[in-house]
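Asks: make a model of this:
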Amino acid sequence: MQSFFTLLKAERVRGRVRWTRDAPMADMFDYIEQFYNTIRSHSMLGYISLVVFAKKAESAQLAATDPGARH
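Replies: Numbering: from 1, shown residues only. Here you go, the predicted structure:
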């Protein structure tokens, strides 16, 4: 978790001026949903994004629970 916040500070927070109270929260949400989860590769997941990892896990789960699947 510490590395996530280090990346967040380095990539999104440092050097930016915030004009409203809600702007940092909106920017953080944007960073997480549009970059961190969908694009950025994660070493603990075999250097794939969280979205790709989740899709692979879901496909594997469906294949394992599908009674018509061939083994």
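
Asks: residue ranges with poor pLDDT in this structure?
Replies: The chain contains residues with pLDDT under 70 at 1-2, 11, 13-19, 68-71.

Asks: which residues of it fall in helices?
Replies: Taking DSSP state H as the test, the helices found in the chain are 2-8, 23-31, 50-65.

Asks: mind putting those into TSV with distance to residue 39?
Replies: Backbone N, C-alpha and C define where each C-beta goes, glycine included. Shown next, in TSV, are those (distance: least, C-beta to C-beta, whole Å):
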stretch	distance to residue 39
helix 2-8	13
helix 23-31	11
helix 50-65	8
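
Asks: between those, which one is nearest to residue 38?
Replies: Smallest distance to residue 38 across the helices of the chain (C-beta to C-beta): 4.9 Å, for helix 50-65.

Asks: what are the contacting residues of the closest one?
Replies: Applying C-beta atoms under 8 Å, 6 or more residues apart in numbering, the contact partners of helix 50-65 are 36-38, 42, 45-46, 48, 69.

Asks: ok, back up a step: in JSON lines, list the helices of the chain along with mean neighbour count.
Replies: Listed next are these as JSON lines, based on neighbours: other C-beta atoms under 10 Å:
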{"stretch": "helix 2-8", "mean neighbour count": "11"}
{"stretch": "helix 23-31", "mean neighbour count": "13"}
{"stretch": "helix 50-65", "mean neighbour count": "12"}
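
Asks: which non-adjacent residue is nearest residue 42?
Replies: residue 50 (6.5 Å; C-beta to C-beta, 6 or more residues apart in numbering).

Asks: residue 22 versus the one you found, what's the distance?
Replies: 25 Å (C-beta to C-beta, to the nearest Å).
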